[in-house]
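K.L.:
3D model of this:
(one chain, ligands or ions: 2)
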Amino acid sequence: MTGIVYKSTGSSYTVKTFDNQFFECRIKGKFRMKGIKSTNPLAVGDIVDFELDQTTDETIGQIHNIQDRKNYIVRKSVNLSKQTHIIASNIDIVFLLITINNPPTTTSFIDRFLVTAEAYGIEAILVFNKIDTYDEAMKEEQLFLEFVYSQIGYKCMKVSALGKEGIESLKNEMLGKVSMFSGHSGVGKSTLVNAMEPTLNLKTKVISEQSKQGQHTTTFAEMYDLSFDARIIDTPGIKGFGIVDMQPTEISDYFPEFFALKEQCKFNNCLHKEEPNCAVKKALDENKIAWSRYASYLKILEGDDDHYRQDLYNDDRVASDETRK
Ligand code: GDP
Ligand code: ZN
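P.N.:
Ligands and ions are numbered 1, 2, ... in the order given. As a prediction, the model looks like this:
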């Protein structure tokens, strides 16, 4: 039988088959993933093959194979152990929720996120939330950002989760796909998901499950079916999108508008800094590339990512988890 992992508790997995049956499964023996040093062998979103073991009264599936992942996102330890935890896999689309000033979302945060999405190979859409609160200056700021990002090719949407504006177009983008929602704490992720699916109430569910188990240290990603042929992966405790290690020369490949010019740079390993005849710098001087994008690029290149790393987690729970060792 074949199915998708909807939930993982570390030792057992809830798998849903393509004919909509749920099974509790365990891993049969050990299997290793090629090239990934991760603390968990299976993650939510994985497509697995399993067999039912009916020697006991309880029907337990034995997972014997994991199908190739189209993509996966990881949480990396900030310490030196180089251990990664796979948060989720096979994600079709990720929505980055942005608010102009409540809380502020910086272009540096947006760009780091987009670079990561590009590196993971996951389509990203920018969703400006709380438009019901925008004054003229904020509207202008939003329009400017929309101009910058839609020129590069990123789809931008405007919604009000509270005022239930733009929700239908957002649902349309999610049809038939596995989605994730990201963004700073307080941008309105839970409100938005509740506006789309009032019965789901993610936050409530997470809290009640935690108190039921009496544990607060670990939270697991979980997949949910929505009523309109869409699925979302909820990642409680993780607000961001993981970190990908990148070589310096590789970073600009994840800025699509830089990548498009790369061939025209004099040097094929051009870092678009001080090199002569750099097509990216030329485009920047001609205002064909946004300065904010270039500034974000330099920040990533220089490894000035501390703020981004901190922003990834909504509290010190995960961070302290990682620094304890
Ligand atoms: P999360 O941390 O991203 O899940 O954010 P929440 O969904 O908890 O929202 C944070 C706060 O923003 C709450 O007080 C929400 O009521 C408020 N909020 C969310 N969406 C909107 C919106 O579209 N308009 C307004 N005015 N407030 C919103
Ligand atoms: Zn260059």
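
K.L.:
separation between the residue lying farthest from the centre of the chain and ligand 1?
P.N.:
Most distant from the centre of the chain: Thr55, at 39.8 Å, with distances by C-alpha atoms, centre = their mean. In this view, Thr55 and ligand 1 are 44 Å apart by C-beta to the nearest ligand atom, to the nearest Å. In this view, the C-beta of every residue, glycine as well, is placed from N, C-alpha and C.

K.L.:
tell me the pLDDT at that residue?
P.N.:
We have a pLDDT of 70 for Thr55.

K.L.:
Ile300 too?
P.N.:
Confidence score, pLDDT, at Ile300: 92.

K.L.:
Pull the contacting residues for it.
P.N.:
Applying C-beta atoms under 8 Å, 6 or more residues apart in numbering, we find Ile300 in contact with Asp111, Arg112, Val115, Met246, Ile251.

K.L.:
can you give me how far the strand or helix carrying it is from the chain middle?
P.N.:
Using DSSP states H and E, Ile300 sits in helix 291-301. Here the centre of helix 291-301 is set off from its chain's centre by 20 Å, with C-alpha atoms, centre = their mean, to the nearest Å.

K.L.:
quick one, longest helix in this structure?
P.N.:
helix 136-152 (DSSP state H).

K.L.:
Just checking, which helix or strand succeeds that helix along the chain?
P.N.:
Next helix or strand after helix 136-152 toward the C-terminus (DSSP H and E): strand 155-158.

K.L.:
who does that next one touch, helix- and strand-wise?
P.N.:
Applying 3 or more C-beta pairs under 8 Å, 6 or more residues apart in numbering; DSSP states H and E, one finds that strand 155-158 contacts strand 123-128, helix 136-152, helix 167-174.

K.L.:
State the mean pLDDT of the last one.
P.N.:
If I follow you right, that is helix 167-174. In this model, helix 167-174 has a mean pLDDT of 98.

K.L.:
what about it and ligand 1, touching?
P.N.:
No. Using C-beta under 6 Å from any ligand atom, helix 167-174 never reaches ligand 1; the gap is at least 10.0 Å.

K.L.:
so after that helix, what's the next helix or strand?
P.N.:
Heading C-terminal from helix 167-174 (DSSP H and E), you reach strand 178-182.

K.L.:
Neighbouring strands of that following strand in the sheet, and parallel or not?
P.N.:
Strand pairing for strand 178-182, determined by DSSP bridges: strand 93-98 (parallel), strand 230-234 (parallel).

K.L.:
can you pull the buried residues of the first one?
P.N.:
Okay, so that is strand 93-98. Ile93, Val94, Phe95, Leu96, Leu97, Ile98 (16 or more other C-beta atoms under 10 Å).

K.L.:
does the last one really touch Thr107, like I thought?
P.N.:
No. Look at Ile98 against Thr107 with C-beta atoms under 8 Å: they stay out of range, at 9.8 Å.

K.L.:
Find residues that contact each of these two.
P.N.:
Leu145.

K.L.:
and Met180, what are its bridge partners?
P.N.:
Here Met180, judged by DSSP bridges, has bridge partners Val94, Ile233.

K.L.:
wait, isn't it in contact with Arg231?
P.N.:
No. Between Met180 and Arg231 there is no contact under C-beta under 8 Å: 10.0 Å.
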